[in-house]
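Q: Below are the sequence and a predicted model; questions follow.
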Protein chains: 4
Amino acid sequence: MGLMTRGDYIESLRSMKKRVFIMGQEIENLVDHPLVRPSLNACAMTYELAQKPEYADLMLASSNLTGQTVNRFTHLHQSTADLVAKVKMLRLLGQKTGCCFQRCVGMDTLNAVDSVTYEMDKALGTKYHAAFRRYLQHVQEHDLVVDGAMTDPKGDRRLSPSRQADPDLFVHVVEKRSDGIVVRGAKLHQTGALNSHEIFVMPTRALSEEDQDYAVAFAVPADAQGILMIYGRQPSDTRKLEGGQVDVGNREFGGHEAVIILNDVFVPSERVFMAGEYAFSGLLVERFAGYHRQSYGGCKVGVGDVLVGTAQSLARYQGTDKTSHIRDKIVEMVHLNETMYACGIACSEEGKPTTSGTYLIDLLMANVCKLNVTRFPYEIARLAQDIAGGLLVTLPSEKDLVNPEVGPYLEKYLRSVGRYTTEERCRMLRLMENLTLGPGAAGYLTESMHGAGSPQAQKIMLARLADLEEKMRLARKLAGIKE
Amino acid sequence: MGLMTRGDYIESLRSMKKRVFIMGQEIENLVDHPLVRPSLNACAMTYELAQKPEYADLMLASSNLTGQTVNRFTHLHQSTADLVAKVKMLRLLGQKTGCCFQRCVGMDTLNAVDSVTYEMDKALGTKYHAAFRRYLQHVQEHDLVVDGAMTDPKGDRRLSPSRQADPDLFVHVVEKRSDGIVVRGAKLHQTGALNSHEIFVMPTRALSEEDQDYAVAFAVPADAQGILMIYGRQPSDTRKLEGGQVDVGNREFGGHEAVIILNDVFVPSERVFMAGEYAFSGLLVERFAGYHRQSYGGCKVGVGDVLVGTAQSLARYQGTDKTSHIRDKIVEMVHLNETMYACGIACSEEGKPTTSGTYLIDLLMANVCKLNVTRFPYEIARLAQDIAGGLLVTLPSEKDLVNPEVGPYLEKYLRSVGRYTTEERCRMLRLMENLTLGPGAAGYLTESMHGAGSPQAQKIMLARLADLEEKMRLARKLAGIKE
Amino acid sequence: MGLMTRGDYIESLRSMKKRVFIMGQEIENLVDHPLVRPSLNACAMTYELAQKPEYADLMLASSNLTGQTVNRFTHLHQSTADLVAKVKMLRLLGQKTGCCFQRCVGMDTLNAVDSVTYEMDKALGTKYHAAFRRYLQHVQEHDLVVDGAMTDPKGDRRLSPSRQADPDLFVHVVEKRSDGIVVRGAKLHQTGALNSHEIFVMPTRALSEEDQDYAVAFAVPADAQGILMIYGRQPSDTRKLEGGQVDVGNREFGGHEAVIILNDVFVPSERVFMAGEYAFSGLLVERFAGYHRQSYGGCKVGVGDVLVGTAQSLARYQGTDKTSHIRDKIVEMVHLNETMYACGIACSEEGKPTTSGTYLIDLLMANVCKLNVTRFPYEIARLAQDIAGGLLVTLPSEKDLVNPEVGPYLEKYLRSVGRYTTEERCRMLRLMENLTLGPGAAGYLTESMHGAGSPQAQKIMLARLADLEEKMRLARKLAGIKE
Amino acid sequence: MGLMTRGDYIESLRSMKKRVFIMGQEIENLVDHPLVRPSLNACAMTYELAQKPEYADLMLASSNLTGQTVNRFTHLHQSTADLVAKVKMLRLLGQKTGCCFQRCVGMDTLNAVDSVTYEMDKALGTKYHAAFRRYLQHVQEHDLVVDGAMTDPKGDRRLSPSRQADPDLFVHVVEKRSDGIVVRGAKLHQTGALNSHEIFVMPTRALSEEDQDYAVAFAVPADAQGILMIYGRQPSDTRKLEGGQVDVGNREFGGHEAVIILNDVFVPSERVFMAGEYAFSGLLVERFAGYHRQSYGGCKVGVGDVLVGTAQSLARYQGTDKTSHIRDKIVEMVHLNETMYACGIACSEEGKPTTSGTYLIDLLMANVCKLNVTRFPYEIARLAQDIAGGLLVTLPSEKDLVNPEVGPYLEKYLRSVGRYTTEERCRMLRLMENLTLGPGAAGYLTESMHGAGSPQAQKIMLARLADLEEKMRLARKLAGIKE
């Protein structure tokens, strides 16, 4: 027990019996599947870097539960310094993987559930907090990957859970037993589900009394009876099956999402952390979303660093890196990227302790952070494509590069500034393609839009948190309007 | 002879002997290759619609050479009405194919070469114009697809053609014979090359005397001796090989680009339209680029219409199409799309005849048009993704949808507003994925950025055409500054 | 009778007896008032240029009523060429005045009322159209300035006219007499009211039956009994009273708006063009707004030309006009400016005849035009300020420039590139200040936002006109969804 | 000695003998001059709030020189907490004044000079640091306002100081005496100069050896022999002279800038902190600019709060504050405003000690902060104007509101939602006019653009600080390119 190595982690997954379908087929050996391996590699990086002394400050923390050293991904934030370290850790991992490394959803879930169960117990006399902390100790001791599962299918967006044509369109309790509950439903967009040890389910929205069966939070092993996972496709996903080195773009890493089906899954009582307390559902969503909106101020910035690096590399290969309009675009990319980072840092530094002692980011600024993340990566990607030139989408296959007849022509004609090889240029083009139009774009763009809530969700929070009444008072004072 | 049907067109391609490599292999039956067929279908639409009476106004024109009815894609614009009809035709085709249909590069080449050869002959006493018009008559009579080939590999962007380490990085004349010339080099990003009858080569930049061998324009059959084509990859291209109906997104259509290698190709004199007249190289580039920048105010707008349609459809399926923020985003997409169209129309209406009688668009506004096209499709795509939700990049494969075990779960859980089927929703998601992250995005986004010249090329033209001296005079007058 | 000269026009105003209040005082000699004169000069430019042969194509037209040559501002558009000429005329006037020249509101009113009265008569059997055309003939023959008066005070925006606490918050008929009607209410933001011969009142929104008294359109002389005008302030307006030459920025020209009070004004029957026909109120608003949204694609572009000219001048004075980032900003200003112009041209060229024969712009594109005008001038102004440097808002008074003690210091220290004088630089700075932060900014920025309807009004029109059903059909076709 | 009250401060200014010219006249009683008083009021707020216990944390600090409590504006930052407190103090003051309160330039100067003199002494063996700290102790003990004077006139921007036609276009040493130096030149855009006790001059750019006479930093009393100040005009400045309550917009506060002429001013040695050490000139500029770019993440955000408050107030008065598009715009304003704040906080929290012990912000993020400030206030202002409606620039004078004949009409017709008075609405409109088109806009917009360096200066810093080589390494690693 204790911190796992990359190898331990992979073996721990190998020993699980998850039921997973990929492109119409059930997969036996998940760990070595070429569509899954890159995402496993990315998640494994959270273990790998934790073993390196130079990253210990960022990757490790001292558990407030046990005093043991734990991976920060299983840690409850105890200070604003912890919150800042989280953002920096995520940026580092984004830089090292160039993709979504999947483990922050669980970290954000654990931190959110901690304070909400505490407050719920205080208000309602329930006993969830202690159970949760026991569960968390287990997670810390075994250094587990937890999949935080929030987003329900939602059906007709205008209808609340209990009013949907199909009652299962939101996860709900279908049976209460003396020793636990039985749940049914599904969770969409489950980042890293295949690489997780645990599935931690939360409700997806604020609920009212009529929806109380939907107010349910719990954790189950990812291979629990009744769980099915269905792999989500990404752009250009099957390039990973082609066996090449170049066209895949990001050679080792990738992300994934899956649909999780919860088909009457039994959850023992000690793993249930909300069951019916609908009034706390909205708070849990808000807290989780807050933490996760902070996360994006780290991880996407790290991927942004990589994208800036691809653009600058391609400019250099082509001899344009000193051209003024190219420099200006690179600077703009950096500027937008660092603006997101600043928001991630600021919401962390302005964090405050909750009543359970766990630190919460400043929610207003965390929402500001995420709202920028729904915009800037798209512009960064656009600028990157501007710098790259059209070859980004017209480059022949790597198989052409090695074909004896046409390979030499490509070698000759795709050569640019002398000291860089054609292959190097092609690899860099493919990496940018991956990040802006390929599987990386699923994470860097679309997930930046919708992960942790679509932009409108952030706007609603901003409207609530902005204290417009106070701003109006300031204006009236200066305008000389008597109260 | 005369207008070809879709069937005629396909057969005409089948009879050609192009040498084409796709993913490392030389292809025998190009026409039926699943990676090529969708792009052929798109190009074929230019023949198909030309047969429909309801589109005759847009698709057909009366040749100023022969008085015969010709496909507008082979026509020399004789009026501003012709220029406007061109834009409307391109929008229509974008709507019908949702992709690049490839034939406008040739149309724009023919129109540009017409007036430039006329002016060159006048200035230099050459005899290119009459030869060109004979060639054009051949193109019109056989209703050919012409690939306009401009972009050279360029090597180190800081160096002119003759100063590159490898003299072949720009196409040039390597031998002059009594009956013609021999050329060597390559052209990148050749849109629709595999579906073309003819390759029409032009220089890619203004040239000075030392680069006069690079000042060369000519036409050759696409299967001429010495020509090799290498197919360019696009995001998610191999979905076309999966044999499905859904994941491919755009079920029937697509675009493609190829690298064309010109390996000592002989061009007979009657097909040579510039050979050494370097002083007219820049003018030809400017004219071609001008026409092609106009084109984008039509074709991309048509694709934009489709993308708006996917977004509105997905909103409706999810029950959000009446939500105010969704409506606002749809309106913004429309607004941006129509702004590009307005630019396309305006540069056409403000067109003027050249000395050869062929009409030229207003160059300033054509450049304004294209510069908007390098920006707005990206924002339209971003808004579309906002509306679609995360399922855009997490949707399982269509093979999962029909898998007996997980298919029913997906059917159940991906259902949204009752009267729309899950399959319909999935198809629409895949179409949007195609357009914003898949092969369609290569055309709708990256090609919008770089086709007809990267944004900086437009800015350079705007700086030249803006008449800043006149604007300063206006300002001085109002400020009361004496001249 | 016939076309007036600038002198005739001024004398014609002098002979009127308008009741006007400016800054708390009733003004006798309006024409020579220094706060009003610049706006009169701007409006007079519509007469002055009409006398110049070089502008005859743009400024004059042949009346479809009489065959006489009339000022285009009083003309009913008879073709798309007329619509285009209108836009070009407005750009020209914007260039010559650097401000709002006020006369287009009337032109747009006349054109809108023409077709609406025609259609109303057809539908309801009323007799307004003939009366209107008689009135118009009078306007044409006397070459009058007509103030188109649309915007009511509106009170609580959530309430319709008849439900307001005060029934007068929208102009309405308070008495019907055998020979005419009596009206009461007010119109806000009346551009050029003080320089007008006529006030032409229209309703400000679509109305339902309960609001039928508010469905009223009519024309009265601007000095009719019961009319009061109250001058609206603009930023830095009183610099016009300082008697200087420099700080005023735009030395000769300016715009103005006024509140018009209609205090039980009698309107004879022959000047009433709608009185109770509420069902046509919305159409009239839409038509007028459409024409006026087109107008902005001309006039604001002309002012934009001036602003580009000030920025380029200041850059040149400072020696930065060749600096790459400055050039890039100038090009961006031009690009945005020409994009608006393209929209103005395009909506004109795509115009169609109404049933009365008068041409109407393409409404979708006219709304696109105006929506861009609510955005781009602000960005153009921001870029201009970027180029100008901080001196724009820190420059001392022109009185300091001539003060014997400090004047020489300013002369010395505000000198930049040798061949330009300090005074020239100061004048140019003041002109830019006028346009971006002074009275010119009221017209160039805020009026661009709200004139012809605030942005949301354009968005509502775009939502109505976009034909989303058709776009969804296109998408379904490509996605392979059966109807 | 010690902290001054507001009253003390005003008296301290009254006792000075500054030579100041305003609009062509030398002013005797500066303190009571209506054009100056509002800016004095704003600066005085830095004293007033320092007396209030509720703001002690933000406004006061414990001097690291003496241990005494000092106003934070004279404090050397001793921790990141100090840097954060600075940003929060500036936001507070922006909220309370709605304008530039002028005192931060001095604070930023003192902090920059502290570490630079320390490092300069270390490197060159000079003795400036101790002298500077003695001077600072004087400033702290007397609670002085220091004007940080950086920007020289610059003349032809392409030429270095010593190559200008006039050698005085940058401040330079014209004579070295045993007891001090004599300097000549001018400084432009001197924020708050009239309200300052001290003028602290620094060079404006990096310098090379030939410009060593321009490498000069020193402090002199603001009324030292040879100093002349010339007041800069602002939009609508003279409304302050009209004696009203409404049209002035911001009733009590304002900012100002002045030109300072240094006409052979003698500076005693103990007040000279750089004289010839050209190699440290760039560093001083960079440090000062860094601190000042941080400042803008506080002060402009505070003004932004006021502007949001005016927009929300006007929406409420008009009954539109619940309308979805209005809410959306308010949220966008808040979002942009808080993004700037996040940058201000982040660059503070990521601050580090310099070798002198004084804390320096993270320079990369401070530049990111300022670059956002050159953009977002303009968009916030645009959105505010969108919400306000056109009355913002068409509202009659307050003298009309009280005129017996037209006042009642305005009262009647400008009334909107019942419970708010017309006067209240007018006051709020005038406040927004002040902030977006009036004297407040000089500070909120143009100064946001150019203060602490124009945008290009930030971009140059970002290019230097971005570590593109590291980003390229990250990309190469992921692309599988061997080093």
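A: Everything's here; your move. Residues are numbered from 1 along each chain as shown, chains lettered A, B, ... in the order given.
Q: mind listing the strands for the stretch 101-250 of chain A?
A: A:146-149, A:172-177, A:180-191, A:198-201, A:216-221, A:227-231 (DSSP state E, counting those that start in this stretch).
Q: close to chain D, is stretch A:325-340?
A: Yes - for stretch A:325-340, a contact with chain D is found by CB under 8 Å from any CB of the partner chain, at A:327-328, A:330-331, A:334-335, A:338-339. The way it works is simple: take the backbone N, C-alpha and C, and place the C-beta from them, glycine included.
Q: which one among these gets closest to residue C:5?
A: Checking the residues of stretch A:325-340 next to chain D against residue C:5 with CB to CB, the nearest one is residue A:328 at 51.5 Å.
Q: give me the number of residues near the closest one?
A: 17 (other CB atoms under 10 Å in any protein chain shown).
Q: for residue A:167, same thing?
A: The burial count for residue A:167: 16, using other CB under 10 Å.
Q: List the contacts of it.
A: Residue A:167 is in contact with residue A:161, counting by CB atoms under 8 Å, 6 or more residues apart in numbering or on different chains.
Q: what do you get for residue A:308?
A: Taking CB under 8 Å, 6+ apart as the criterion, residue A:308 is in contact with A:330, A:333-334, A:337, A:380, A:384, D:466, D:468, D:471.
Q: May I see the strands of the stretch 101-250 of chain A organised as JSON lines, with mean neighbour count and mean pLDDT added?
A: Converted to JSON lines, the strands of the stretch 101-250 of chain A look like this (neighbours: other CB atoms under 10 Å in any protein chain shown; pLDDT from 0 to 100):
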{"stretch": "strand A:146-149", "mean neighbour count": "28", "mean pLDDT": "98"}
{"stretch": "strand A:172-177", "mean neighbour count": "16", "mean pLDDT": "98"}
{"stretch": "strand A:180-191", "mean neighbour count": "23", "mean pLDDT": "98"}
{"stretch": "strand A:198-201", "mean neighbour count": "25", "mean pLDDT": "98"}
{"stretch": "strand A:216-221", "mean neighbour count": "25", "mean pLDDT": "98"}
{"stretch": "strand A:227-231", "mean neighbour count": "25", "mean pLDDT": "98"}
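Q: Next, format the ones you listed as a markdown table and append distance to residue D:229.
A: Below are the strands of the stretch 101-250 of chain A laid out as a markdown table (distance: least, CB to CB, whole Å):
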| stretch | distance to residue D:229 |
| --- | --- |
| strand A:146-149 | 62 |
| strand A:172-177 | 73 |
| strand A:180-191 | 61 |
| strand A:198-201 | 66 |
| strand A:216-221 | 66 |
| strand A:227-231 | 72 |
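Q: Which of those strands sits closest to chain D?
A: Ranking the strands of the stretch 101-250 of chain A by proximity to chain D (CB to the nearest CB) places strand A:180-191 first, at 19.5 Å.
Q: Give me the helices and strands touching the closest one, please.
A: Counting contacts by 3 or more CB pairs under 8 Å, 6 or more residues apart in numbering or on different chains; DSSP states H and E, strand A:180-191 packs against strand A:146-149, strand A:172-177, strand A:198-201, strand A:216-221, strand A:257-268, strand A:272-275, helix B:407-413.
Q: got CSV for the ones you listed, with distance to residue B:445 too?
A: CSV is the format used below for these (distance: least, CB to CB, whole Å):
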stretch, distance to residue B:445
strand A:146-149, 32
strand A:172-177, 41
strand A:198-201, 36
strand A:216-221, 40
strand A:257-268, 22
strand A:272-275, 43
helix B:407-413, 29
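Q: Can I get those in JSON lines including distance to chain D?
A: Below are the helices and strands packed on strand A:180-191 laid out as JSON lines (distance: least, CB to the nearest CB, whole Å):
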{"stretch": "strand A:146-149", "distance to chain D": "25"}
{"stretch": "strand A:172-177", "distance to chain D": "31"}
{"stretch": "strand A:198-201", "distance to chain D": "29"}
{"stretch": "strand A:216-221", "distance to chain D": "29"}
{"stretch": "strand A:257-268", "distance to chain D": "21"}
{"stretch": "strand A:272-275", "distance to chain D": "30"}
{"stretch": "helix B:407-413", "distance to chain D": "30"}
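Q: do you know which of those lies nearest chain C?
A: helix B:407-413 (16.1 Å).
Q: Could you give the average pLDDT over the closest one?
A: Averaging pLDDT along helix B:407-413 gives 98.
Q: Helix or strand next in line after it, which one?
A: helix B:422-437 (DSSP states H and E).
Q: got any ranges where chain A has weak pLDDT?
A: Applying pLDDT under 70 to chain A flags residues A:1.
Q: circling back to that earlier point, wait, which of the strands of the stretch 101-250 of chain A is closest to residue A:461?
A: Among the strands of the stretch 101-250 of chain A, strand A:146-149 comes nearest to residue A:461, with 18.6 Å by CB to CB.
Q: can I get the CA coordinates of the closest one in CSV?
A: The C-alpha trace of strand A:146-149 is given here as CSV (Å, rounded to 0.1, in the frame of the first residue of the first chain):
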residue,chain,number,x,y,z
VAL,A,146,-11.4,7.8,-9.1
ASP,A,147,-13.8,8.6,-11.9
GLY,A,148,-16.1,11.5,-10.9
ALA,A,149,-19.3,10.8,-12.6
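Q: Looking at the contacts of residue A:308, spot the one nearest chain C.
A: Looking across the contacts of residue A:308 and measuring by CB to the nearest CB, the closest to chain C is residue A:330, at 13.5 Å.
Q: Helix or strand for that closest one, just tell me which one.
A: Residue A:330 belongs to helix A:324-349 when assigned by DSSP H and E.
Q: buried sites along that helix?
A: Residues of helix A:324-349 classed as buried by neighbour count (16 or more other CB atoms under 10 Å in any protein chain shown): A:325-349.
Q: do it and chain C meet at all?
A: Yes - Helix A:324-349 lies within reach of chain C by CB under 8 Å from any CB, at A:324-325, A:328.
Q: Against which helices or strands is that helix packed?
A: Against helix A:324-349 (3+ CB pairs under 8 Å, 6+ apart) you get helix A:80-97, helix A:281-318, helix A:363-373, helix A:376-388, helix C:324-349, helix D:324-349, helix D:363-373, helix D:455-465.
Q: what separates the longest one from the chain centre, distance-wise?
A: Helix A:281-318 has its average C-alpha position 9 Å from the chain's average C-alpha position, going by CA atoms, centre = their mean, to the nearest Å.
Q: Kindly calculate the angle that it makes with helix A:455-465.
A: Angle, helix A:281-318 to helix A:455-465, by axes from the mean of the first three to the mean of the last three CA atoms, to 10 degrees: 120 degrees.
Q: Buried residues, helix A:281-318. List them.
A: Neighbour counts over helix A:281-318 (16+ other CB under 10 Å) mark A:281, A:283-318 as buried.
Q: Go through the contacts of residue A:308 and say which is closest to residue C:369.
A: Looking at the contacts of residue A:308 and their distance to residue C:369, the nearest is residue A:380, at 30.6 Å (CB to CB).
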